[in-house]
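> A predicted structure for the sequence below; I have some questions about it.
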Amino acid sequence: MAFVAVAAKRSSLVRGLKRPSTPYLLLIPGLAWLLLFFIVPIFTLASTSTQTPASSNEIGAYVQTFRFANYIDAFSGAQEQFFRSILYALIATLLALGISYPLAYAIAFRSGKWKNLLLVLVIAPFFTSFLLRTIAWKQILGSEGPVVTVLRSLHILGPQAGLTASAFAVVTGMTYNFLPFMTLPLYASLERIDPRTLEAASDLYANGITTFRKVTFPLSLPGVVAGTLLTFIPAAGDYINSTLLGNPRTKMIGNVIESRFFQIVDYPTAAALSFMLMAAILILVTVYVRRAGTEELV
């Protein structure tokens, strides 16, 4: 018996030594990509955020002095744009959720043979440049566009009033541009719901509203959380919509960072603002996911 036990242990050891390393080798390209295009830039950005101008007064020349007061200075100079970005992103996310949920529900449960076509129509905007889509909204909301014309005919807008160069236009553009990011996770979550679950709710004398509130929505909550995250995170850092559809009073933190990087050439302030934006989004996302009870998404 002892001989059999030793032989079995040796056989197990040999199998462990011969365990294929292919899965680990397949991880190398992904880890290399992550290291090169995420970890290294993050450390570079962190290093830049604590630099100060070089004594040579050369534009764009900075030296490392570990000046952490850059974060305080950067925030104090752009706190209005910072909070405005969070507010605009939150409004756009809620609007996208309100539009996308009925759409995703209809595609998942009511579309029938048109399901694939409707999904293609949801994804179709991705075939066009983000910039062109935003410019299109500038035309749609323009003084001669269909929206303003209809609103003026209904006397909702005055003869000289317009919608472009306003917070309304910025939020509208953000909502439209990020709508697919909300719709697709919602559809994926709703489509996985077993129809027999909804039938069981009906058998227990639940009406449509009760079934949605007690069954459908709770089961689709992972899609809601994923969709809101995929919408809110890029919306908070967006600057294209504010640039093309807004005015100086609707500038977002992304506009400030872009200006500091490419126009003012103030790299430390831009890097500090970028880090603070990432930290704020990370904190908000963590709190939101924990409150929603879907920690497995993080």
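That came through fine.
> A strand includes Lys113, no?
No. Assessed with DSSP: H, G, I helix; E, B strand; the rest coil, Lys113 is helix; it does not lie in a strand.
> How many residues are close by it?
Applying other CB atoms under 10 Å, we find 6 residues neighbouring Lys113. (Each C-beta comes from the backbone N, C-alpha and C, glycine too.)
> Per-residue pLDDT of it, please?
We note a pLDDT of 88 for Lys113 in this prediction.
> and the gap between the closest residue to Gly60 other than its chain neighbours and Val256?
The shortest distance from Gly60 to any non-neighbouring residue, by CB to CB, 6 or more residues apart in numbering, is to Val265 (4.7 Å). Relative to Val256, Val265 is positioned 14 Å away (CB to CB, to the nearest Å).
> of these two, who's got more company?
Between Val265 and Val256, counted using other CB under 10 Å, the more crowded position is Val256 (23 against 13).
> element containing the more buried one?
Assigned by DSSP states H and E, Val256 falls within helix 253-262.
> which SS class is the closest residue to Ile140 other than its chain neighbours?
Ranked by CB to CB, 6+ apart and with sequence neighbours excluded, the top spatial neighbour of Ile140 is Val147, at 6.0 Å. Secondary structure, three-state DSSP: Val147 is helix.
> contacting residues for Val147?
Val147 is in contact with 140-141, 163, counting by CB atoms under 8 Å, 6 or more residues apart in numbering.
> just checking, Tyr176 touches Lys138?
No. Judged on CB atoms under 8 Å, Tyr176 makes no contact with Lys138 at a distance of 11.9 Å.
> More neighbours: which of those two?
Tyr176 (20 against 17).
> and that one, that's in a helix?
Yes. Tyr176: assigned to a helix according to three-state DSSP.
> State the distance from it to Ala124.
Remark: distance between Tyr176 and Ala124 (CB to CB) = 13 Å.
> ok so, going back, where does the residue nearest to Gly60 fall, phi/psi-wise?
Backbone geometry at Val265, expressed as degrees, to the nearest 10, gives phi 60, psi 50.
> Verify the stated contact: Thr269 with Asn70.
Yes. Thr269 lies in contact with Asn70 (CB under 8 Å); the separation is 6.5 Å.
> Just give the nearest non-adjacent residue to Pro234, would you?
Using CB to CB, 6+ apart and skipping residues adjacent in sequence, the residue nearest Pro234 is Phe178, 6.4 Å away.
> which residues does the one you found contact?
Counting by CB under 8 Å, 6+ apart, Phe178 touches 92-93, 96, 230-231, 234-235.
> Check Leu103 too.
Neighbour list for Leu103: 122, 183 [criterion: CB under 8 Å, 6+ apart].
> what separates it from Phe232, distance-wise?
Taking CB to CB, one finds Leu103 at 19 Å from Phe232.
> Closest one of the contacts of Val147 to Val215?
Distance to Val215 across those (CB to CB) is lowest for Ile140, with 38.3 Å.
> Measure how buried the closest one is and give me the count.
A count of neighbours around Ile140, defined by other CB under 10 Å, yields 17.
> From what I see, it and Pro146 are in contact.
Yes. Ile140 lies in contact with Pro146 (CB under 8 Å); the separation is 6.7 Å.
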